[in-house]
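[1] sequence and computational prediction follow.
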Amino acid sequence: RKEVEQDPGPFNVPEGATVAFNCTYSNSASQSFFWYRQDCRKEPKLLMSVYSSGNEDGRFTAQLNRASQYISLLIRDSKLSDSATYLCVVKDTGGFKTIFGAGTRLFVKA
Amino acid sequence: NAGVTQTPKFQVLKTGQSMTLQCAQDMNHNSMYWYRQDPGMGLRLIYYSASEGTTDKGEVPNGYNVSRLNKREFSLRLESAAPSQTSVYFCASSEATGHGVTAKNIQYFGAGTRLSVL
């Protein structure tokens, strides 16, 4: 079983739609969680950190469920510019081991 | 502010050739990393350097060596390239913020090096 698993998609949604991605992780000791965004043939960039109480940044909402060991990302009012691959990232306590999921591809259509 | 700079951007090697990928960051970060990204695999950590003067193996270190030349620079060397090392290589740097359970370790990536080994 992969340490971090994501549905690879692709998710094809129209502009204005709401879309949600889930990510599961296997290490219950994991402490830090992030969503990164990666555009085609570009480097990953931080989208948002994920906090235990859940957090929102504009149209993006991230949730963490420690009991079930999954993280979610909700995108509301999708824009064409949201088309990208979204990487779920999990880091263990105190160390430098950072595990990246393989990513979920999103295509937003006009 | 350039952030993380990688060179070269593209490289084609023949099996058995050697090369060094260069990485430099200007954010005064302590930690630096080398990843490879293959289709369907996500990013996998090759080596990392928690601070100047230290290096440690990651998930897939075989066939690679690294040097933390100073705080700014972290290079990755392929001594004898193999077709299995065809990949996109990303360098990253980070500075931990917060403490304990609130500690974050946001990584900033270079633009990547696309390497083909024939």
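    Received, thanks. Residues are numbered from 1 along each chain as shown, chains lettered A, B, ... in the order given.
[2] distance of the residue nearest the centre of chain B relative to B:Lys9?
    Centroid-nearest residue in chain B, with C-alpha atoms, centre = their mean: B:Trp34, separated by 1.9 Å. Note on B:Trp34: its distance to B:Lys9, by C-beta to C-beta, to the nearest Å, is 16 Å. Every C-beta, even on glycine, is put in place using the N, C-alpha and C of the backbone.
[3] and the residue nearest to A:Gly54 when sequence neighbours are not counted, how many neighbours does it have?
    Excluding the flanking residues, the one nearest A:Gly54 by C-beta to C-beta, 6 or more residues apart in numbering or on different chains is A:Gln63, at 4.6 Å. By other C-beta atoms under 10 Å in any protein chain shown, the residues close to A:Gln63 number 19.
[4] B:Val88 now?
    16.
[5] where does chain A dip in pLDDT?
    By pLDDT under 70, the weakly predicted segments of chain A are A:1, A:93-96.
[6] likewise for chain B?
    Ranges of chain B meeting pLDDT under 70: B:1, B:96-104.
[7] once you drop chain neighbours, what's closest to A:Asp57?
    A:Met48 (5.1 Å).
[8] quick one on the thing from earlier: ok, the residue nearest to the centre of chain B to chain A distance?
    12 Å (C-beta to the nearest C-beta, to the nearest Å).
[9] show me what the helix or strand harbouring that residue is packed against.
    Taking DSSP states H and E as the criterion, the element that holds B:Trp34 is strand B:31-38. In terms of contacts (3 or more C-beta pairs under 8 Å, 6 or more residues apart in numbering or on different chains; DSSP states H and E), strand B:31-38 is packed against strand B:19-25, strand B:42-49, strand B:64-68, strand B:74-78, strand B:87-94.
[10] what does it contact?
    Applying C-beta atoms under 8 Å, 6 or more residues apart in numbering or on different chains, the contact partners of strand B:31-38 are A:96, A:98, A:100, B:21, B:23, B:25, B:43-51, B:58, B:60, B:64, B:66, B:68, B:74, B:76, B:85, B:87-96, B:105, B:107, B:112.
[11] make it 6 Å
    B:43-50, B:74, B:76, B:87-94 (C-beta atoms under 6 Å, 6 or more residues apart in numbering or on different chains).
[12] for stretch B:60-71, same thing?
    Here stretch B:60-71 has contacts from B:Arg44, B:Ile46, B:Tyr47, B:Ser49, B:Glu52, B:Thr55, B:Phe74, B:Ser75, B:Leu76, B:Arg77, using C-beta under 6 Å, 6+ apart.
[13] go again with 7 Å.
    B:32, B:34, B:36, B:44, B:46-47, B:49, B:52-53, B:55, B:74-79, B:82, B:85 (C-beta atoms under 7 Å, 6 or more residues apart in numbering or on different chains).
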